[in-house]
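Visitor: my questions are about this predicted structure, shown below with the sequence.
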Amino acid sequence: MKNAFLIAASLFVLVAGAAAAADNSVFPQPSGWSRISSTAAADPNRTVQQWHIAGDVASVTFVHDTTTPYADAVAAIETNFSTNKIKPAVDKDLPCQGKTAHEVDFNVGPDGHQLTVQRVVVPDGTGVATVTYARAADAPFDPDVKKSETAFCASSGT
């Protein structure tokens, strides 16, 4: 019985891995970054991937949401900024996966401990793909994260 379970589990991992590899909406893991395991309950409409570098506050989070329309996702960000009086350093459209995506960059946190957050929202069918990169405000943009973003935006999407 135990062997049957192990075989079934192994097949599931192989099939799920092949499906993920074929899915262009998956964000490529930045080189040298470690994946963060999620303990969140599975959501059939949303997949989340997250990475970090040990000993660093930086993180990259990728969310593929099949239910939130692009316009609603961008409007929610803009409303949050307005409500909380956040003035983004960057608030612009950009090309990604052959579509018009939206990028916002802003700082959060108390003086001396601020984080710079870059969020890119990409339309994906009826939903969105969102990439959020957070790092110490005084840290340069990680070149491996930039390579992953460039590769993701160069892909054709789903």
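Guide: It's in.
Visitor: how about the helices in this protein?
Guide: Assigned by DSSP state H, the helices in the chain fall at 2-22, 70-83, 143-154.
Visitor: got the contact list for the second one?
Guide: Going back to what we said before, that points to helix 70-83. 65, 86-88, 102, 104, 106, 119, 121-124, 127-128, 130 (CB atoms under 8 Å, 6 or more residues apart in numbering). For the C-beta atoms, the positions are set from N, CA and C on the backbone; glycine is no exception.
Visitor: select only the buried ones of those in ChimeraX?
Guide: Buried members of these can be picked out in ChimeraX with the line below, counting by 16 or more other CB atoms under 10 Å:
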select :65,88,102,104,106,119,121,122,123,124,127,128,130
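Visitor: quick check, nearest of the contacts of helix 70-83 to residue 39?
Guide: Using CB to CB, residue 65 comes nearest to residue 39 of the contacts of helix 70-83, at 19.1 Å.
Visitor: I figured that closest one hits residue 130, correct?
Guide: Yes: at 7.2 Å, residue 65 counts as touching residue 130 under the criterion of CB atoms under 8 Å.
Visitor: contacting residues for the residue nearest to residue 106 when sequence neighbours are not counted?
Guide: Spatial nearest neighbour of residue 106, excluding adjacent residues (CB to CB, 6 or more residues apart in numbering): residue 88 at 4.3 Å. The contact partners of residue 88, taken as CB under 8 Å, 6+ apart, are 81, 104-106.
Visitor: and what of residue 87?
Guide: 81, 106 are the contacts of residue 87 under CB under 8 Å, 6+ apart.
Visitor: in the protein, where is pLDDT below threshold?
Guide: 1-25, 157-158 (pLDDT under 70).
Visitor: let's check: the centremost residue of this protein is which one?
Guide: residue 62 (1.8 Å; CA atoms, centre = their mean).
Visitor: go through the contacts of helix 70-83 and flag which are in strands.
Guide: 65, 102, 104, 106, 119, 121-124, 127-128, 130 (DSSP state E).
Visitor: output the residues you listed as TSV; include the columns distance to residue 150.
Guide: As requested, the ones in strands among the contacts of helix 70-83 are exported to TSV (distance: CB to CB, whole Å):
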residue	distance to residue 150
65	22
102	17
104	18
106	22
119	16
121	17
122	13
123	18
124	18
127	22
128	19
130	17
